[in-house]
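> Structure here, sequence nowhere to be found:
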Ligand code: IVH
């Protein structure tokens, strides 16, 4: 390339990268893979290294993130929230080590920590006198978006850390950095829930975590299974640590969830540990896109300083890209428990990082249409931390012209009945209640944990029960005899007895479990618990009107309609009668547990101070009283507990002086059991 061409290329890269930054950081909707993005950054950095005179102040190399969006209040970080330089192989890591070794000879003797690089969203958490006071996203590294209320919904985030512990004084002002992300298991469960409710599913845990945190409704954040691990202290008015490891230990000791780290005595061992992590990446419970190697000695780290936005003392060892292309042989369709049709890809088998992949997720029919994925296409596949890879899109350039656009089936692939689409939802449904595919999924759901919890009734047995005609609906489980079971493959005396006992015991499940088990569209464990609490038994619920149901917290018009429809169906009514006759007919379990627990706080007094995250004071007061406790206005030696919210008043100081146990809202709920 001659000079003018090279300069043009640099401009083009800047524009493209800025656009991808915007898609990734502002919209949470990237259109390229991380490795393509990294590749573009590397190319631009190389050009700019050769021609530093071309660097523009707005070049993406001059900053590492996008500006915070206008919708949030801005929060200035107490110190720059730095990023990390990248290494793509062991050689890059050694080059980094040599570079910093030339700057400071102490590097040759130093030790390291290796941590997984969590693929989530950086957060900066402020604690004043041990209380979580505010928190922000990274933003541009100087100023972030204030998302305190959303952060508060994250269960693993400590709302308060003890002010004194084992002789250690907690700094009055402490700012901790960590990563908010989602465990893969939680992500999968969330998507299953959304799919079954006919809603749009999410593409990957990172975007889901980012989208859930960077939106303005904390109630929505609270329904997303976000979690937190911390790995740094950004500012503190007192320090008790000389190394990264001591600092992590301190964080852990005072109650922060802390990233796993491995101590390495030298760079060779740090490289070995990072390479091991590459091998282990799919065994991790969360997505990682690399390992972070950090110099352990904090004063050496400080002295090494910063280049641009990257500290010299640490480097991200990025994992190799896990994207490949292969041929899409065809598109299959699964039928789920609620009749939702889910498309998946049949692939020409291909290896991605040691695993042969033959099938991949295609999300939903809208996704196929949006990306114009056609059978016969060469497609780009990505295997993220997930075990099930997904199709990113077609490689349009290599089309032969014979590939025809895909049309979703109009009939259920299992029972051949017409499928239906609900206005406003992405999913297509098979609405035939007698569809065997649905029946199997329905029973699988009915017996699962959180529902009737019938241990030992796995999918293979469910399939046999349906195929042999022994079970035509969930209620038939309760009329199975030992002889019935002994006819099935793999059943001997003991196994049959065990299963019958488990089925019998499931009759004791409470109403909320039974409602979950019935699998009404959109009614998950949380909704079922609320319905059980409000209606107390199946008769009341079945008589509820659409309007009655709309009154219930968490029940919107779609779910209300689904509940009404469910009880209208004559098939379902027959199932209910059979369940009733079999003795599966609980009264509200919550009522019971309230009665049982009524005495839990009896004789105890509570004082409330500050603003509580979820409930009003009146609600908390009622909660305590329902459990037999009393709420009074001021703290004394006799106070049993102080319930602590945000911006507490002098009651907090007084309670601390008197050594009164302090709980937050969640702690209070736990106390009540
Ligand atoms: S250390 C000066 N440690 O990776 C401290 N970062 O590419 C620099 N990240 O913005 C960060 N896991 O969001 C560090 N164990 C870990 C990390 C980690 C994930 C993220 C972080 C940062 C990005 C840099």
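Done, it's in. Small disclaimer: the values here were computed from a predicted structure and weren't measured.
> Leaving out sequence neighbours, find the closest residue to the most centrally placed residue in the chain.
Closest to where the C-alpha atoms of the chain average out (C-alpha atoms, centre = their mean) is residue 182, at 2.9 Å. Closest residue in space to residue 182, ignoring its immediate chain neighbours: residue 205 at 4.2 Å, by C-beta to C-beta, 6 or more residues apart in numbering. Quick note: C-beta positions are derived from backbone N, CA and C, even for glycine.
> Please name the residues that touch the one you found.
By C-beta atoms under 8 Å, 6 or more residues apart in numbering, the contact list for residue 205 reads 119, 120, 181, 182, 183, 184, 187, 286, 287, 384, 385.
> Dump those residues to JSON lines, plus pLDDT.
Below are the contacts of residue 205 laid out as JSON lines (pLDDT from 0 to 100):
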{"residue": "119", "pLDDT": "89"}
{"residue": "120", "pLDDT": "92"}
{"residue": "181", "pLDDT": "95"}
{"residue": "182", "pLDDT": "93"}
{"residue": "183", "pLDDT": "90"}
{"residue": "184", "pLDDT": "87"}
{"residue": "187", "pLDDT": "89"}
{"residue": "286", "pLDDT": "90"}
{"residue": "287", "pLDDT": "86"}
{"residue": "384", "pLDDT": "63"}
{"residue": "385", "pLDDT": "52"}
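> ok, the nearest residue to residue 150 once chain neighbours are set aside - contacts?
Nearest-residue entry for residue 150: residue 221, 4.2 Å, with adjacent residues in sequence omitted and distances by C-beta to C-beta, 6+ apart. Taking C-beta under 8 Å, 6+ apart, we find residue 221 in contact with 149, 150, 153, 154, 212, 213, 215.
> Next up, the contacts around whatever residue of the stretch 451-600 of the chain ends up closest to the ligand.
Nearest residue of the stretch 451-600 of the chain to the ligand: residue 526, at 30.4 Å (C-beta to the nearest ligand atom). Applying C-beta under 8 Å, 6+ apart to residue 526 gives the contacts 223, 554.
> Relative to residue 314, how far out is residue 298?
11 Å (C-beta to C-beta, to the nearest Å).
> Model confidence for the residue nearest to residue 182, exactly?
If you check residue 205, the pLDDT there is 84.
> roughly how far apart are it and residue 425?
23 Å.
> wait, does the helix or strand where residue 45 lies contact the ligand?
In this structure, residue 45 sits in helix 34-50 according to DSSP states H and E. No. Residues of helix 34-50 contacting the ligand under C-beta under 6 Å from any ligand atom: none, with a closest distance of 10.5 Å.
> Tell me which other helices or strands that helix touches.
Counting contacts by 3 or more C-beta pairs under 8 Å, 6 or more residues apart in numbering; DSSP states H and E, helix 34-50 is packed against helix 3-21.
> who's in contact with the helix or strand containing residue 92?
Taking DSSP H and E as the definition, residue 92 sits inside helix 90-103. The contact list for helix 90-103 (C-beta under 8 Å, 6+ apart) reads 85-87, 107-108, 267, 270-271, 274-275, 293, 304, 312-313, 315, 317.
> elements contacting the helix or strand following it?
On the C-terminal side of helix 90-103, the nearest following helix or strand under DSSP H and E is strand 112-118. Secondary structure elements in contact with strand 112-118, counted by 3+ C-beta pairs under 8 Å, 6+ apart, are helix 244-253, strand 262-264, helix 267-280, strand 288-295, strand 314-318.
> can we see that at 7 Å?
strand 262-264, helix 267-280, strand 288-295 (3 or more C-beta pairs under 7 Å, 6 or more residues apart in numbering; DSSP states H and E).
> Of those, flag the one that's most buried.
Comparing these by mean neighbour count (mean count of other C-beta atoms under 10 Å), strand 288-295 ranks first with a mean of 24.
> Name the spans of the stretch 451-600 of the chain whose pLDDT lies under the cut-off.
588-599 (pLDDT under 70).
> Where do the strands of it begin and end?
With DSSP state E, counting those that start in this stretch as the criterion, the stretch 451-600 of the chain has no strands.
> for the ligand, what are the nearby residues on the stretch 201-350 of the chain?
231, 232, 259, 292, 311, 314, 316.
> Out of those residues, which is nearest to residue 198?
residue 259 (36.8 Å; C-beta to C-beta).
> got the contact list for the closest one?
115, 116, 118, 229, 231 (C-beta atoms under 7 Å, 6 or more residues apart in numbering).
> repeat for residue 648
So residue 648 contacts 609, 610 (C-beta under 7 Å, 6+ apart).
> in a helix, that's where it is, yeah?
No. Counting by DSSP: H, G, I helix; E, B strand; the rest coil, one finds residue 648 to be coil, located in no helix.
> And it, what's its pLDDT?
82.
> Check the gap between it and residue 660 for me.
In terms of C-beta to C-beta, residue 648 sits 13 Å off from residue 660.
> And residue 235, by the same measure?
Using C-beta to C-beta, we find residue 235 at a distance of 30 Å from residue 660.
> Can you find the helix or strand in the chain with the smallest mean pLDDT?
Every helix and strand in the chain was compared by mean pLDDT, DSSP states H and E; the lowest is helix 589-597, with a mean of 42.
> For stretch 210-229, measure first residue to last.
15 Å (C-alpha to C-alpha, to the nearest Å).
> same thing with stretch 257-270?
23 Å.
> same deal with stretch 406-420?
Span of stretch 406-420 from end to end, C-alpha to C-alpha: 18 Å.
> So what's the gap between it and the chain middle?
A distance of 32 Å separates the centroid of the chain from that of stretch 406-420, by C-alpha atoms, centre = their mean, to the nearest Å.
> Mean confidence (pLDDT) on it, please.
Stretch 406-420 comes out at a mean pLDDT of 92.
> Helices along the stretch 351-500 of the chain, start to end?
365-371, 436-446, 459-467, 482-486, 493-505 (DSSP state H, counting those that start in this stretch).
> among those helices, which is the most enclosed?
helix 436-446 (a mean of 21).
> what inclination does that one have with respect to helix 459-467?
Computed by axes from the mean of the first three to the mean of the last three C-alpha atoms, to 10 degrees, the angle separating helix 436-446 from helix 459-467 equals 130 degrees.
> Contacts for helix 436-446 next, please.
335-337, 339, 414-415, 430, 451-452, 459, 462-463, 466, 471, 474, 517, 519.
> Swap in 6 Å and give it another go.
335-337, 339, 414, 452, 459, 462-463, 466, 474, 517, 519 (C-beta atoms under 6 Å, 6 or more residues apart in numbering).
> Contacts only, for residue 357.
350, 389.
> try 8 Å this time
Taking C-beta under 8 Å, 6+ apart as the test, what residue 357 contacts is 326, 347, 349, 350, 351, 381, 383, 389.
> In which helix or strand does the residue lying closest to residue 148 once chain neighbours are set aside reside?
Of all residues not flanking residue 148 in the chain, residue 134 sits nearest, at 4.6 Å (C-beta to C-beta, 6+ apart). Using DSSP H and E, residue 134 sits in strand 131-137.
> State the next helix or strand along the chain beyond that strand.
strand 143-145.
> how far out from the middle of the chain is that following strand?
22 Å.
> First-to-last residue distance for stretch 81-100?
21 Å.
> what does stretch 211-220 give?
10 Å.
> Can you mark which positions in it are buried?
211, 212, 213, 214, 215, 218 (16 or more other C-beta atoms under 10 Å).
> so of those, which ones are in helices?
In helices, judged by DSSP state H, the following of the buried residues of stretch 211-220 are found: 211, 212, 213, 218.
> Show the pLDDT at the first one.
Residue 211 carries a pLDDT score of 86 in this model.
> Tell me how far it lies from the ligand.
Between residue 211 and the ligand the distance, using C-beta to the nearest ligand atom, to the nearest Å, works out to 16 Å.
> Pull the distance from stretch 544-552 to the chain's centre.
For stretch 544-552, the distance to the chain centre is 30 Å (C-alpha atoms, centre = their mean).
> isn't residue 389 right up against residue 381?
Yes. With contact defined as C-beta atoms under 8 Å, residue 389 and residue 381 form a contacting pair (5.1 Å).
> Mutual contacts of these two, please.
352, 357, 360.
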